[in-house]
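J.: my questions are about this predicted structure, shown below with the sequence.
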Amino acid sequence: MPELPEVETVRRGLASHLVGRKVAELQLRREDLRFPFPDNFKDRIEGSEIISIDRRAKYLLIRLKNGITWLSHLGMSGRWTLIGDDRRGIPGRFSHGAAIGTGDGPHDWVVAHLDDGGRAVYSDHRRFGIMDCFPTELQDENRFISNLGPEPTPDHLSPIDLARALRGRRTPIKNALLDQRIVAGLGNIYVCEILHRSGVSPRRMASNVAGRSGVSKRVERITYNTHAVITEAIDAGGSTLQDFRGVDGDDSLGYFPHNFGAYGRDGEECTKPDCDGKIRRIVQSNRSTFYCPNCQN
């Protein structure tokens, strides 16, 4: 599944080409994705200008001039393709290898025809994606957004926030960090990396990590490394991208995998210079966890 840095890469690519354009026509080629499209979805979007594209966790928020926000979640296999004379390809190509949207493909479910003749095509062969719309002023009441925790970035997540959210939780810290109510936008890959850098075992109870009061050293390290990992991954264009080029042809994006210290390295030596352990793979809540049992405790 695309994680937060990949979604941010898609957001930037879409924004650079769609902001200032009107949605002349919105084609819906089925009645639903993961959920049914909301009532009057097409009518609320058609004819309005896109004034900005924001992100909350893994949700793309397409802001329209008429006061409506068009929400898009990529799910497991969703992708946007930009088509037009001054647009090139996909703002984020993910490793599942689904076909590129052309506007008339078998999995091209939503096509936004723009006022300059271009198109933005949403394709999703598994149909796990989500689309919704709501008055922008009511964003905090939206069912997909209302219960999200703070963003995993320095200007939103503090050690105090994290300590409070973890305190009293009798669940492994790996599972706790994947809970979107605790920190919004973290996925399996980055949580493995954060815990490896922080020297914290993914098996350790969240309540133990938080401690009884104040801010523990472990919480400080996890918060710092959350900021660092997410910032580095966004700068790199994400980690689950394959053969990715930005919409402006930048092929320097998508190289964060080269910085992995734990994820996908089962049986390999730990990358920390003062550690002679080997990375191990375990399964937690049906997800692969990669960690070093020697330096993560």
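T.: Cool, the structure landed. Given the structure is predicted, the values throughout are model-derived calculations rather than measurements. Numbering: from 1, shown residues only.
J.: can we go C-alpha only for contacts and neighbour counts from here?
T.: Noted.
J.: and residue 77, what's its pLDDT?
T.: At residue 77 the predicted local distance difference test score is 87.
J.: and it, how far from residue 142?
T.: Look at residue 77 and residue 142: by Cα to Cα, to the nearest Å, they are 23 Å apart.
J.: for the strand or helix carrying residue 133, which strands pair with it and how are they oriented?
T.: Taking DSSP states H and E as the definition, residue 133 sits inside strand 130-135. Within its sheet, and counting by DSSP bridges, strand 130-135 is paired with strand 68-73 (antiparallel).
J.: looking at residue 77 and residue 142, which one has more neighbours?
T.: Shown here are residue 77 and residue 142; by other Cα atoms under 10 Å, residue 77 has more neighbours (19 against 14).
J.: and the contacts of the strand holding residue 133?
T.: 33-35, 37-38, 41, 44, 67-75, 142 (Cα atoms under 8 Å, 6 or more residues apart in numbering).
J.: count of residues packed around residue 174?
T.: In terms of burial, residue 174 registers 24 neighbours under the definition other Cα under 10 Å.
J.: and it, what's its pLDDT?
T.: 98.
J.: now do residue 243
T.: With respect to pLDDT, residue 243 scores 33.
J.: likewise residue 208?
T.: With respect to pLDDT, residue 208 scores 97.
J.: that one is in what secondary structure piece?
T.: Element membership of residue 208, judged by DSSP H and E, is helix 206-210.
J.: report the distance from stretch 287-297 to the chain centre.
T.: The chain centroid and the centroid of stretch 287-297 are separated by 23 Å, computed with Cα atoms, centre = their mean, to the nearest Å.
J.: could I have the CA atoms of that stretch written out in CSV?
T.: Presented in CSV, the C-alpha positions along stretch 287-297 are these (Å, rounded to 0.1, in the frame of the first residue of the first chain):
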residue,chain,number,x,y,z
ARG,A,287,2.2,-8.0,8.8
SER,A,288,5.9,-8.6,8.4
THR,A,289,8.1,-6.9,11.0
PHE,A,290,11.9,-6.6,10.4
TYR,A,291,14.1,-5.8,13.4
CYS,A,292,17.5,-6.5,15.0
PRO,A,293,17.1,-8.5,18.2
ASN,A,294,20.6,-7.5,19.2
CYS,A,295,20.2,-3.7,19.3
GLN,A,296,16.5,-3.3,19.6
ASN,A,297,15.3,-3.9,23.1
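J.: select only the buried ones of the contacts of strand 130-135 in ChimeraX?
T.: Selecting only the buried members of the contacts of strand 130-135 in ChimeraX, with burial defined as 16 or more other Cα atoms under 10 Å, works like this:
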select :33,37,41,44,68,69,70,71,72,73,74,75
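J.: domain parsing for the protein?
T.: Following automatic domain parsing, one finds the domains of the chain at 4-141, 159-291.
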